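> no letters, just coordinates:
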């Protein structure tokens, strides 16, 4: 029974390109959360999704960032026109419900050059 | 002021020592979590607490809801315990179940 699978583990993008980060939750988990960890900073909430719905996107930058969790397939965090400040580790976590614990993925380390 | 504060920020211990990491929070919560992150690695959930005390191997987590305080203890510490330990809370607000994190405690256990 695989845990949360994130890919790629490392992603290098040039400024202005698009970055797509994928997260496959634990089988049976319908709640997905994305968190960002900037270099030498703590983790910050970005977005909370359930299947086909965005529940809370209060931590998402208003521009260039979007997230989805389709009925079939992984959750995708998409960053358009990346800038150097987007360089960070992006973690996905899944849960079977809001009052349950979380399982975290290994993260995607995005480097913008 | 952060909603979740941890102390100490950095901690160095010798193998075998008893370690305590503290976490205080200033808001109503539905649960508190202790997480472990190795350098360059992923995040592992250690405990989820809403009251009392939990134990897993050499790790013990306690929470005092009235004092808004939690502690993570490591008994008989070992160099493989070296990691960043992060306290996080689930706020007691509506349907929100996202985590709010402390800044972490970096633990180094030496031989």
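Now that the structure is in, tell me what you want to look at. On a predicted model such as this, the values are computed, not experimentally measured, just so you know.

> I'd like to know the phi and psi angles of the residue nearest the centre of chain A, please.
Among the residues of chain A, residue A:34 comes closest to the average C-alpha position under Cα atoms, centre = their mean, at 3.8 Å. Per-residue torsions, residue A:34: phi -110, psi 140 (degrees, to the nearest 10).

> and for residue A:50?
In terms of degrees, to the nearest 10, the main-chain angles of residue A:50 are phi -120, psi 170.

> what bridges to residue 56?
Chain wasn't specified; assuming chain A. residue A:48 (DSSP bridges).

> looking at chain B here, not the other one
Bridge pairing for residue B:56 - DSSP bridges - gives residue B:59.

> what about the strands in the chain?
By default, I'm working from chain A. Counting by DSSP state E, chain A has these strands, from start to end: A:5-7, A:10-13, A:19-24, A:31-37, A:43-50, A:53-56, A:65-68, A:75-79, A:88-95, A:103-104, A:108-112.

> look at chain B instead
Going by DSSP E, chain B shows strands at B:4-7, B:10-14, B:19-25, B:29-37, B:43-49, B:52-56, B:59-64, B:69-74, B:83-91, B:99-101, B:105-110.

> need those strands in JSON lines (columns: mean pLDDT).
Converted to JSON lines, these look like this (pLDDT from 0 to 100):
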{"stretch": "strand B:4-7", "mean pLDDT": "96"}
{"stretch": "strand B:10-14", "mean pLDDT": "97"}
{"stretch": "strand B:19-25", "mean pLDDT": "97"}
{"stretch": "strand B:29-37", "mean pLDDT": "94"}
{"stretch": "strand B:43-49", "mean pLDDT": "95"}
{"stretch": "strand B:52-56", "mean pLDDT": "96"}
{"stretch": "strand B:59-64", "mean pLDDT": "98"}
{"stretch": "strand B:69-74", "mean pLDDT": "98"}
{"stretch": "strand B:83-91", "mean pLDDT": "94"}
{"stretch": "strand B:99-101", "mean pLDDT": "93"}
{"stretch": "strand B:105-110", "mean pLDDT": "97"}
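
> I'd like the ones you listed written out as TSV, with mean neighbour count and distance to residue A:16 added.
(Glycine included, C-beta is placed from N, CA and C.) TSV is the format used below for the strands of chain B (neighbours: other Cβ atoms under 10 Å in any protein chain shown; distance: least, Cβ to Cβ, whole Å):
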stretch	mean neighbour count	distance to residue A:16
strand B:4-7	18	36
strand B:10-14	14	38
strand B:19-25	19	40
strand B:29-37	22	31
strand B:43-49	19	30
strand B:52-56	12	46
strand B:59-64	18	45
strand B:69-74	20	43
strand B:83-91	23	33
strand B:99-101	23	31
strand B:105-110	17	35
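
> kind regards, and thank you for your time.
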